[in-house]
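Asker: Give me a 3D structure for the following:
(2 chains)
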Protein chains: 2
Amino acid sequence: MVSFADVKAAYERIRRASIQTPIMTSLTANRLTNCSIFFKCENFQRIGAFKFRGAYNAISQLTEKEQQRGVITHSSGNHAQAVALAAKMLGIKATIVMPENSSPVKIAATRDYDAAIEFCTPNMEMRERTVKRLIKKHGFILIHPYDDSRVIAGAGTAAFELISEVGAIDMMLAPIGGGGLISGTAIATKGLCPKAMVYAIEPQGADDAYRSFKSGKIVPSENPNTIADGLRTSLSKLTFSIIQQKVDEIITVTEEEILDAMRFLWERMKLVIEPSGAVPLAGLLKIKENIDNQRIGIILSGGNVDLSKFFEEYKSTLSTNSNN
Amino acid sequence: MVSFADVKAAYERIRRASIQTPIMTSLTANRLTNCSIFFKCENFQRIGAFKFRGAYNAISQLTEKEQQRGVITHSSGNHAQAVALAAKMLGIKATIVMPENSSPVKIAATRDYDAAIEFCTPNMEMRERTVKRLIKKHGFILIHPYDDSRVIAGAGTAAFELISEVGAIDMMLAPIGGGGLISGTAIATKGLCPKAMVYAIEPQGADDAYRSFKSGKIVPSENPNTIADGLRTSLSKLTFSIIQQKVDEIITVTEEEILDAMRFLWERMKLVIEPSGAVPLAGLLKIKENIDNQRIGIILSGGNVDLSKFFEEYKSTLSTNSNN
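Answerer: Model (predicted):
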């Protein structure tokens, strides 16, 4: 298990290396819900997502011998960059296994942090097999994206900072994919505010955590279909056991609800938030009729969206742009 | 003229009503320029732009008799919403003259603040004529978007807050359109850091301020062609005289440079910034070879971008979205 003391220790370990991200509020969001909402903006975290917290907390605890061996992970997303940057900051070699169809932007970003990249066939089995092979060959240490108590404790520091800054809350919401963020968030929240309710929000098209929670046993994520690309993974035994103990409810949201919440965050709050990061606000807006006058924390988990197409189209309008 | 004391008085007048917007930094931006850059995020200001500062500072100084008459302005953009909200907060009636082809989003936003809207034929002559007619008929007080010393002093409070928070700077950059923001910014900057350089950045496709500055007489903006829709206006005598005294240089940037800066702000800094707001960063990146080891302030003037099309296209991809 992971304890509240682990989250506090993680906070002390990462506070100088990470960004104490700002907490934003929105009069419109408060008016819509008749609540006071505090948005923890992890889109402003290093590498643009909360993942840096867990990666740094895990890697900084390795023994000197382990550090010399180097770290490895497989990811096409935020965790890859988190491990690459945390390792770089700590002077440790990192190897990232990425699907060979990863976007050039993500490959370049990972390379920017001096990580070695090993490409593999783009499916989960081949990713894991490649990691195993490389660990066997080189002795690398695996930094799992969520099935790791140090990663979970690190992820919990976002909620820890939120409540430490704004004071007690009644409710906390975070997205759920593999369960690392919501586990750390629940531990931090219940540690600081034992009576607060913790809600996990999940896309309907990837509702394995919801079904696991309701049935009492892990249902793996099969053929997830959601724009929230950070939330397509399955729970692990570790995260599921924490969720069963600390999470009060799991709510699912549709793709349209995710996009509407994302649009609110961009248009009204001027925050670039990725679809996964908009999921908890979508959940809150879904249940807004049932809540009133609550102090609510929301973890905006990240802001890494590929904007190439958007800006290419913008550029293509330049020549035809008319006066006003 | 407008004095530094006017800016300080404006700050005291608006501080409780406005948002003390956050100041962001970016390691990547610092690395690209070998400088320390402080971004004043007026996209997080009320109504999503610095314009609220000037509108509130002006309207809150009206006499009781003037307040009873109500205020008026013409604008299709941020100033309209700024006047509408400031008037609403102060319990004053506002009338906004808007071109009849204004976007439904902007009309709705202005109506949200309880302002009366008068539509007019979409050209500057008809806007001004409509305003004059309504002033004559109803006795409204005009709140001009920039040709007003109270509006200029209010606009200067953004730079005032920036320097008050981060300490002395060597250089300050802001966009230039009608000249209200850069005038206030220059007065605040020179007031706090007399040796700091003040740069105004302008789109090449609307370079009337650049040509005015170089020729020593006001060149009106004719057929401006730029995506930076907040910067298409002409200088006034008042703003031009302040600019001649307090601004050290005007730099022009291309549409491509504006979009590249905007993309950097969105993608790397996770900030939704409108094209006009990205203009000063475009200017800084243009002169980066000539600067080194400077402390630089940048006013990110606003974040009101119409995202309808972006999100409609996003939504249209939902049905065809595949797994990953």
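Asker: now the helices for the stretch 151-300 of chain A?
Answerer: For the stretch 151-300 of chain A, the helices defined by DSSP state H, counting those that start in this stretch occupy A:157-166, A:180-192, A:208-215, A:237-246, A:255-267, A:275-286.
Asker: In TSV: those, plus distance to chain B and mean pLDDT.
Answerer: In short, each C-beta sits where N, CA and C put it, glycine included. Below are the helices of the stretch 151-300 of chain A laid out as TSV (distance: least, C-beta to the nearest C-beta, whole Å; pLDDT from 0 to 100):
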stretch	distance to chain B	mean pLDDT
helix A:157-166	13	98
helix A:180-192	18	98
helix A:208-215	13	98
helix A:237-246	20	98
helix A:255-267	5	97
helix A:275-286	9	98
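Asker: Would you mind finding the most buried of these?
Answerer: helix A:180-192 (a mean of 29; mean count of other C-beta atoms under 10 Å in any protein chain shown).
Asker: and the angle from that one to helix A:237-246?
Answerer: The directions of helix A:180-192 and helix A:237-246 differ by 40 degrees, with axes from the mean of the first three to the mean of the last three C-alpha atoms, to 10 degrees as the criterion.
Asker: Distance from helix A:180-192 to the middle of the chain?
Answerer: 13 Å (C-alpha atoms, centre = their mean, to the nearest Å).
Asker: Could you tell me the angle between it and helix A:275-286?
Answerer: Using the same axes, to 10 degrees: helix A:180-192 against helix A:275-286 is 50 degrees.
Asker: before we move on, back to that, quick one: closest of the helices of the stretch 151-300 of chain A to B:Asn293.
Answerer: helix A:157-166 (32.0 Å; C-beta to C-beta).
Asker: what angle do that closest one and helix A:180-192 make?
Answerer: Orientation check (the same axes, to 10 degrees): helix A:157-166 against helix A:180-192 gives 40 degrees.
Asker: just checking, what packs against helix A:157-166?
Answerer: helix A:4-14, strand A:23-24, strand A:36-41, helix A:51-59, strand A:171-175, helix A:180-192, strand A:295-300 (3 or more C-beta pairs under 8 Å, 6 or more residues apart in numbering or on different chains; DSSP states H and E).
Asker: then it to PDB, C-alphas only?
Answerer: Listed next in PDB are the C-alpha coordinates belonging to helix A:157-166 (Å, rounded to 0.1, in the frame of the first residue of the first chain):
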ATOM      1  CA  THR A 157       1.500  15.600  -4.500                       C
ATOM      2  CA  ALA A 158      -0.700  17.600  -7.000                       C
ATOM      3  CA  ALA A 159      -3.700  17.100  -4.700                       C
ATOM      4  CA  PHE A 160      -1.500  17.700  -1.700                       C
ATOM      5  CA  GLU A 161      -0.400  21.000  -3.000                       C
ATOM      6  CA  LEU A 162      -3.900  22.000  -4.000                       C
ATOM      7  CA  ILE A 163      -5.400  21.400  -0.500                       C
ATOM      8  CA  SER A 164      -2.300  22.800   1.200                       C
ATOM      9  CA  GLU A 165      -2.800  26.100  -0.700                       C
ATOM     10  CA  VAL A 166      -6.600  26.600  -0.700                       C
END
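Asker: Residues touching that helix, excluding its own?
Answerer: Residues outside helix A:157-166 that contact it (C-beta atoms under 8 Å, 6 or more residues apart in numbering or on different chains) are A:7-8, A:10-11, A:14-15, A:18, A:20-21, A:23, A:38, A:40, A:42, A:45, A:50, A:53, A:57, A:169, A:172, A:174, A:181, A:184-185, A:188-189, A:191-193, A:295, A:297, A:299.
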